[in-house]
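Enquirer: fold the stuff below for me.
(chains A and B)
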Amino acid sequence: MAVYKKPESESDFYHNFAEKQPQMSASEAFIESSRCLFCYDAPCITACPTHIDIPLFIKQIHTGNVEGSARTIFDSNWLGSACGKVCPTSVLCEGACVYNHENKKPIEIGRLQFYATQQVIEADKHLYGPGLPNGRKVAVVGAGPAGIACACELRLMGYEVDVFEAKDKPSGLTVHGTAPYKITNEQALNEMAYLQDQMGYVVRYNTPIETKGQIDDLESKYDAVFLGVGIGPTAELNVNGESSHRVIGAVEFVEELREKQHQMKVPDRVIVLGGGNTAMDAASESARMGAAHVVLAYRRGQEDMGAYAFEYDMAVRAGVRGLFHVAPIEIRDTDDGVAVTFIRTQHLNGKLEFITGSEFVMEADWVIKATGQSKMGSFFSLIDSLQLDTSRRVVVDPITFQTSNPKYFAGGDAVNGGAEVVNGAFDGKMAARGIDDWLNKK
Amino acid sequence: MIDLSVNFAGIKAPNPFWLASAPPTNSGYQVMKAFDAGWGGAVWKTLGVPVINVSSRYGSTNYRDTRMAGFSNIELISDRPLIDNLREIEEVKKYFPNHAVIASLMVESKAEWHQIIKDVENAGSDGIELNFGCPHGMCERGMGSAVGQEPEVLQRIVEWVMEVATIPVITKLTPNISDITDPGLAAVRGGTDALSLINTIKSIVGIDLDSYAPYPIVDGKGTNGGYCGPAVKPIALNMLKDLAQHRDINKVPISGIGGIETWRDVVEFILLGATSVQVCTAVMHYGFGIVREMDAGLRQFMMDKNYSTIYDFAGLALPNVKDWKDLNLTHKVVASIDEDLCIGCQLCYIACEDGAHQAIGLSVVNGERTPHIIEENCVGCNLCSLVCPVEQCITMEKRDSGTEFISWDQKSQRNEIPVTFNDERAGGLGHWVPEPASALKNGQRRV
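Expert: A predicted model of the protein is given here:
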């Protein structure tokens, strides 16, 4: 039995994707902020990848200095608003809150952070501006969290910045790859517009960097290049029949959903393959789009999933059924869908093995692959002596984010293989400082 | 069997919970409603020549998400004609003959005092309270705290009152004075039957950051108000103690006032010698129903301690309130942290480090942040246990044998106290303190 009805209208859609962490009212924020203990050497700060001074911004909310609070947040994290929404706070700042040790509800840091930043964004209150022009130019490839954070930080230091974006919108996976109940398109794009208005970097949309000629052009026109290119489309499964039009990638699915919302038609029977957070999102979202039978199939055990437990729990609550220790070995088109042949698996001597003779067939209308994304390998090969690791991630200096080709710096998913918005925001900011240090030394 | 009834200087009431003279006792309607809700007595909003009030009248001190931790008013005495108040007093007494209705009074001349006392007696009041406390407005006209701050004037007026009063007289004192026993003694000398305190404290609760005017703002301006509410309780308790320990004053009963909101407050006031309590702010905040909690809590306390009347425990804390010079200097406690309860906020660490004696170190035990006490530096000041957000996590453990006693007073008699600036008998001689320069992070600052 489906938990959700298929959304017919925009309001149905927002009903099914009701915000997980709705914006606080002023009085909610006042009360919640009063609970903060103002810990010394607060564990929440340590747990935040961007080290926001959380007790300070919470105290500032409480004392009515909301603008100061937003400044405290943005000082550490240019995507402070989006991060308040999409960060897995229960495993970061809120997970570190000392109240957890007393079995008390941790401070709702994410919601407070979104509240404070939203006040200045809605009021279009500018807190920063570009520094005095220093005569240098940097190209940023990719307008995702890492690229935008890098652009903002560079502008602060007086750099001229051009951002090249393949798509027609900024924010990268914040919009395209995040479940709608975490952040709405509008919320993500508002912050992007707010930042660009203040910092004045140029974004060239629909401008993918794909050719050697473009790379050469960037190298000749700019003093440094930041690669915030993220990761590529969903990787191949290498299973017979995966080319069926009924087999789609999770990243592409989430992106299309964000774009089309209720106009996207998700069929009744969906099988999602994978055990990461993207798989959880795809499964959860299929269910919320009214698919009656959503099966999450993962080749290992539930405890082996890369996804956060709370993400799986959310999917289950949306009506998703988990199926573990099964691997797809063949996909076949049928008259009204696809038939996926699975084989059961087991761990034997630390290795995952198929159990011979355990094959079974499950029918579906769609199969969504959430088994990892391909890396931007072919793009990286355009850049001279750019070193990648064995997982085809760009290798960078952990402090400066400089790559093996000194003119290039990189951060975000391209470097970490796929992590959170907050990690991208931190990398981009640090890379900007790395670029500045490098150019100053030159 | 618990009997909460009181006989306070001859004023009888079913319980010690009285309403203070204030807005909640402005009318017969309110007083009847209060008695119906469980209050045992009410001191009527002060009567005199009716005033004209301003708008607005109240301001408050909010602490974190707690509203009205302190409360301030610039309202004056009753602005209703005396005759209306007298008629309502009479009516209340018809419905509640066994409850205490006390008329608070404030007038100027001897003739006015004599007249108004007759009036309220005729209306059936059970007692009179002399308002010598109001610290705003009325004092500018030579009444209220202007009287309470001049013991001689106070005594003279009490004497005028006692010349004619046939019902018990309570003199209400202002805390806006350096030594509360001065007006207390003056009132007793004047012949008062009882005392009550505290009236409100002169205050400015805050300044508006746009208009730069003090709260409450009256057309862009403000004036000092009278401060009350939970924040003033410690001041009230101390003044109550001063009166209740004074041999020449404690002959008369004392009604305790100042920040009373819960049964615990009530018990504390009684333990320091009050035999009735008066409440205003808590009612202005929560309504008359707040008395339910006080009543139930007081009864529970008395049941647990096996008391049958409040007189069984009135004043029992008084022998334990000493002068500093009589405290035991050999008593030694040190803080102890329960690692299982500690949640790792490290507030104790930073409080001790920056605000006390650098007696807490930071450590990680089984991966958890757990501060530890450096016992040789701990002076047993309590600060860590006060800032700790977890009940019973930091406790103070006794380290002395409990067999010795020596006070400052005794030490001075034995000539064992420091008397010169660098005396070797200094208590802190040899106490370890860190090198001053170690406070600076490496290399941040140079000489």
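
Enquirer: need the contact list for B:Pro23.
Expert: B:45, B:73, B:75, B:280, B:284 (CB atoms under 8 Å, 6 or more residues apart in numbering or on different chains). Yep, even glycine has a C-beta here, placed from its N, CA and C like the rest.

Enquirer: quick one: the last one is in a helix?
Expert: Spelled out, it's B:Met284. Yes. The assignment for B:Met284 is a helix, going by DSSP: H, G, I helix; E, B strand; the rest coil.

Enquirer: contacting residues for it?
Expert: By CB under 8 Å, 6+ apart, the neighbours of B:Met284 are B:22-24, B:71.

Enquirer: between those, which is closest to chain A?
Expert: If you rank the contacts of B:Met284 by distance to chain A using CB to the nearest CB, B:Phe71 comes first, at 19.3 Å.

Enquirer: burial measure for the closest residue to A:Val120 other than its chain neighbours, as a count.
Expert: With CB to CB, 6 or more residues apart in numbering or on different chains as the criterion, A:Val120 has its nearest non-adjacent residue at 4.3 Å, and that residue is A:Ala70. By the criterion of other CB atoms under 10 Å in any protein chain shown, A:Ala70 has 26 neighbours.

Enquirer: check contacts around A:Ala70.
Expert: Taking CB under 8 Å, 6+ apart, one finds A:57, A:80, A:116-117, A:119-120, A:125, A:127 in contact with A:Ala70.

Enquirer: just the buried members of these?
Expert: Buried members of the contacts of A:Ala70, scored by 16 or more other CB atoms under 10 Å in any protein chain shown, are A:57, A:80, A:116-117, A:119-120.

Enquirer: wait, A:Val203 touches A:Asp197, no?
Expert: No. A:Val203 is beyond contact range of A:Asp197, at 11.9 Å (criterion: CB atoms under 8 Å).

Enquirer: closest to B:Thr309 out of the contacts of B:Met284?
Expert: For the contacts of B:Met284, the minimum distance to B:Thr309 (CB to CB) is 26.4 Å, reached by B:Pro24.

Enquirer: which residue packs closest to the closest one, ignoring adjacent ones?
Expert: With CB to CB, 6+ apart as the criterion, B:Pro24 has its nearest non-adjacent residue at 4.6 Å, and that residue is B:Val283.

Enquirer: so who does that neighbour touch?
Expert: Shown in contact with B:Val283 (CB under 8 Å, 6+ apart): B:19, B:24, B:34, B:290.

Enquirer: so which of the buried ones among the contacts of A:Ala70 comes closest to B:Glu108?
Expert: A:Gln119 (54.7 Å).

Enquirer: and the closest one, what element?
Expert: Following DSSP states H and E, one finds A:Gln119 within helix A:109-122.

Enquirer: helices or strands up against that helix?
Expert: Under the contact criterion of 3 or more CB pairs under 8 Å, 6 or more residues apart in numbering or on different chains; DSSP states H and E, helix A:109-122 touches helix A:26-34, helix A:54-62, helix A:66-76, helix A:80-86, helix A:93-96, helix A:185-199.

Enquirer: buried residues in the helix or strand encompassing A:Val254, which are they?
Expert: Using DSSP H and E, A:Val254 sits within helix A:250-260. Using 16+ other CB under 10 Å as the test for burial, helix A:250-260 gives A:250-251, A:253-255, A:257-258.

Enquirer: lovely, talk soon.
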